[in-house]
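*Asks:* Here's a sequence, model it:
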Amino acid sequence: MQDIRSRKFRRSVRACLILAVAAVVAGCGSTGAVKPRAALPDDVPDVPPGSEIEAARAAFQTGNFGFAARFFEKAMRAEPNDMEACLGLAASYDWLYRFDLSDPVYAACGKIEGDRFLYFNNVGFSNLLRGELGKASVNFGQANALRPGHPVVATNLQILRDVSDG
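*Replies:* Have a look, this model is predicted:
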């Protein structure tokens, strides 16, 4: 049983890293920009039960953050303590500039596994999108302390430096 949980956790971490890298790449040009809040779609196509995460990942990676959010919401309803679904949902809301929705989701993520570097990395990126550079620095620093030299965190720290200098 422990081995199954360990594999599931590693898969979740791997998927979150993909989401984080996609977010970094997609956001390089718009960091800190003030954008209008985007609307969420009323519904999304049906997918087989248990495949919501895969559908959410695919939507996120293609920049369809509204669909990604809706699929991550479905995944969270099915598995409320799934950290990948939680972080993916919050990140999707961030990319829609719906910080009013992402903040409570990040709070929920913190209760699930708030001591993980991905949590601090994603919260830091949310801060970066909002232009809250001091908070972003603190969160990226915490992520870096938990996973020194991790490429996603290193990239985000570089983006933060670039934005701070500009």
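*Asks:* mind giving me the domain ranges of the protein?
*Replies:* Here the domain assignment for the chain is 39-112, 115-166, based on automatic domain parsing.
*Asks:* Turn these into JSON lines, columns for mean neighbour count and mean pLDDT.
*Replies:* Just so you know, the C-beta spots here come from the backbone N, C-alpha and C atoms, and that holds for glycine as well. Converted to JSON lines, the domains of the chain look like this (neighbours: other C-beta atoms under 10 Å; pLDDT from 0 to 100):
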{"stretch": "domain 39-112", "mean neighbour count": "19", "mean pLDDT": "95"}
{"stretch": "domain 115-166", "mean neighbour count": "18", "mean pLDDT": "94"}
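*Asks:* how about stretch 115-131 as PDB, C-alpha atoms only?
*Replies:* Provided in PDB are the C-alpha atoms of stretch 115-131 (Å, rounded to 0.1, in the frame of the first residue of the first chain):
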ATOM      1  CA  ASP A 115       5.400  21.900   3.300                       C
ATOM      2  CA  ARG A 116       6.200  21.000  -0.300                       C
ATOM      3  CA  PHE A 117       8.400  23.000  -2.600                       C
ATOM      4  CA  LEU A 118       5.800  22.900  -5.300                       C
ATOM      5  CA  TYR A 119       3.300  24.600  -3.000                       C
ATOM      6  CA  PHE A 120       5.700  27.400  -2.200                       C
ATOM      7  CA  ASN A 121       6.800  27.600  -5.900                       C
ATOM      8  CA  ASN A 122       3.200  27.900  -7.100                       C
ATOM      9  CA  VAL A 123       2.200  30.500  -4.500                       C
ATOM     10  CA  GLY A 124       5.300  32.400  -5.400                       C
ATOM     11  CA  PHE A 125       4.300  32.400  -9.000                       C
ATOM     12  CA  SER A 126       0.800  33.600  -8.100                       C
ATOM     13  CA  ASN A 127       2.400  36.400  -6.200                       C
ATOM     14  CA  LEU A 128       4.600  37.200  -9.300                       C
ATOM     15  CA  LEU A 129       1.600  37.300 -11.600                       C
ATOM     16  CA  ARG A 130       0.000  39.900  -9.200                       C
ATOM     17  CA  GLY A 131       3.100  42.000  -9.100                       C
END
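*Asks:* That stretch: how far from the chain's middle?
*Replies:* Relative to the centre of its chain, stretch 115-131 is centred 8 Å away, using C-alpha atoms, centre = their mean, to the nearest Å.
*Asks:* next one: stretch 86-97
*Replies:* Offset of stretch 86-97 from its chain centre (C-alpha atoms, centre = their mean): 6 Å.
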